[in-house]
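Colleague: with the input below, show me the fold.
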Amino acid sequence: MPTLADIRAAHDRIAPELPATPCREALGYAPAIPGRIFLKLENLHRTGSFKERGALNRLLTMSPEDRARGVITASAGNHAQALALHAQRLGIDTLVVMPEATPLIKVSNTRQYGARVVLHGATFDDAVDEALRRREAEGRILVPAFNDEAVIAGQGTLGLELDQQLERIDRVVVPIGGGGLISGIALAIKALRPKVKVIGVEATAAPSALTSRRAGEIVTVTSTETIADGIAVKRIGDLTFPLIEDLVDDIVTVDEPQIASAVMQLLERQKTLTEGAGAAGMAALLAGKIATRPSDHTVVVLCGGNIDINILARIIDRGLVADGRLVRLKVTGIDRPGLLAEVTASVAEHGANVLEIAHSREFADISVGHVEVLLTLETRGREHIAELIDSLSHDGDRAVALS
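Modeller: The predicted structure follows:
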């Protein structure tokens, strides 16, 4: 397994090309989240994610003969871009296999960085199988996204940077996909500061590390679609799982609304754009999945920022819904002149903004003589929604929020 010495050697190799990313304090979360929060901005790498660390270290450890054979990898996007960028710079021919559902921006960027891209399969694991097949057929060198000692050591350089940037660290919160990032960070941090807690965060849709930890062995999970596509891995790595078991203190999961809310809040409050996987750690804190104390210093690794703009728009809407700032209300009442005016007047009186309104008699599941009004509103939060429901429910009229 990689050691602290391997991570230091990786840092010496990649530092000339990869300057340290900032680690800045996030303000505005107290008292909801006790203590100080620091954001490690891995989304500021040239290709938008931490993957450059491991990919570049692996390429720099290859012999001239292996470089001449060309490289191949399977990736959901970020590792592909990182490998393509640095392989092109080093003159190494690159083939990347990506799942068919990979966000368009990650596919196009990988091609722009000089790699040939093949789309194959519904999941990351399907892409891995195809990459292994093509490796044998074409004689290329496989550069895994996470299950490789040099890749893990490269990712561990993030831990060295944290040690240099912050005087105090109580815990580091890291998203988990295949486990390369959290393994490398844990190796470095635990060697330098043994008392620091390392907490992993997975998407509820693909909890491969947590499921394997509970089973005591590596388990392949059935993953479902998630906006955190960068960590949607069905099987944790053979090399990373023992490191996670030995060094990671806890693993928690976050669901889709929690991830969406975190993406939106990081963009709105911290002025930083992350993809779903990149926001997973912040989602865990915001959802109360990780307990902190007022005296704690917590680092959250924002591992990537490559998000499709179309997906971002949907995520923002979901985040607003999760925060109670966007709501659909159904008002059912006796069909009478002026009902619609009463409803809109009440909404205006309570300071909500109408985005959409529909008035239905024929197609609603209501009794004859009643009418249904559907409202999509911008609100200030859940307490505001409760006020609106209360104001609209009187004299036989009834308002409810639609999920």
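
Colleague: following the helix or strand bottoming out on mean pLDDT in the chain, which helix or strand comes up?
Modeller: The helix or strand of the chain with the poorest confidence is helix 309-322; it has a mean of 86 (mean pLDDT, DSSP states H and E). Downstream of helix 309-322, the first helix or strand assigned by DSSP states H and E is strand 326-334.

Colleague: pull up the pairing partners for that next one, direction included.
Modeller: In the sheet, strand 326-334 lines up against strand 370-378 (antiparallel), strand 398-402 (antiparallel) (DSSP bridges).

Colleague: residue 245: which of those strands is closest?
Modeller: Between residue 245 and the strands paired with strand 326-334, the tightest spacing by C-beta to C-beta is seen for strand 398-402, at 43.1 Å. Any C-beta I mention is one placed from the backbone N, CA and C, and that applies to glycine too.

Colleague: which residues are in contact with stretch 325-336?
Modeller: Here stretch 325-336 makes contact (C-beta atoms under 8 Å, 6 or more residues apart in numbering) with 317, 320-321, 339, 343, 355, 361, 364, 366, 369-381, 385, 388-389, 392, 396-402.

Colleague: just the buried members of these?
Modeller: Listed as buried from the contacts of stretch 325-336 are 320-321, 339, 343, 364, 370-373, 375, 377, 379, 385, 388-389, 392, 397, 399; burial here means 16 or more other C-beta atoms under 10 Å.

Colleague: quick revisit: quick check: angle from the least confident helix or strand of the chain to strand 326-334?
Modeller: 60 degrees (axes from the mean of the first three to the mean of the last three C-alpha atoms, to 10 degrees).

Colleague: any chance of the strands paired with strand 326-334 in a markdown table, with distance to residue 102 too?
Modeller: Listed next are those as a markdown table, based on distance: least, C-beta to C-beta, whole Å:
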| stretch | distance to residue 102 |
| --- | --- |
| strand 370-378 | 32 |
| strand 398-402 | 33 |
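
Colleague: now mean pLDDT and distance to residue 196 too, for these, in a markdown table please.
Modeller: Output for these, formatted as a markdown table (pLDDT from 0 to 100; distance: least, C-beta to C-beta, whole Å):
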| stretch | mean pLDDT | distance to residue 196 |
| --- | --- | --- |
| strand 370-378 | 92 | 42 |
| strand 398-402 | 91 | 42 |
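
Colleague: for residue 219, find the nearest of these.
Modeller: Nearest of these to residue 219, taken as C-beta to C-beta: strand 398-402 at 37.2 Å.

Colleague: ok, and what's touching the closest one?
Modeller: Taking C-beta under 8 Å, 6+ apart as the rule, strand 398-402 contacts 327-333, 374, 385, 388-389, 392-393.

Colleague: which residues of the stretch 201-350 of the chain fall in helices?
Modeller: 208-215, 240-247, 256-269, 280-286, 309-322, 339-349 (DSSP state H, counting those that start in this stretch).

Colleague: what are the contacting residues of the first one?
Modeller: Spelled out, it's helix 208-215. Residues outside helix 208-215 that contact it (C-beta under 8 Å, 6+ apart): 176, 179, 200, 202, 218-221, 223, 233-236, 241, 244-245, 251-253.

Colleague: before we move on, the earlier item: pick the most buried one from the helices of the stretch 201-350 of the chain.
Modeller: Greatest average neighbour count among the helices of the stretch 201-350 of the chain goes to helix 280-286 (a mean of 29), per mean count of other C-beta atoms under 10 Å.

Colleague: between the two ends of stretch 103-118, what distance do you get?
Modeller: Its start and end residues considered, stretch 103-118 measures 14 Å (C-alpha to C-alpha, to the nearest Å).

Colleague: again, but for stretch 204-220
Modeller: Taking C-alpha to C-alpha, the first and last residues of stretch 204-220 lie 14 Å apart.

Colleague: any idea how far residue 290 is from residue 90?
Modeller: 39 Å (C-beta to C-beta, to the nearest Å).

Colleague: ditto for residue 21
Modeller: From residue 21 across to residue 90, the span is 22 Å (C-beta to C-beta).
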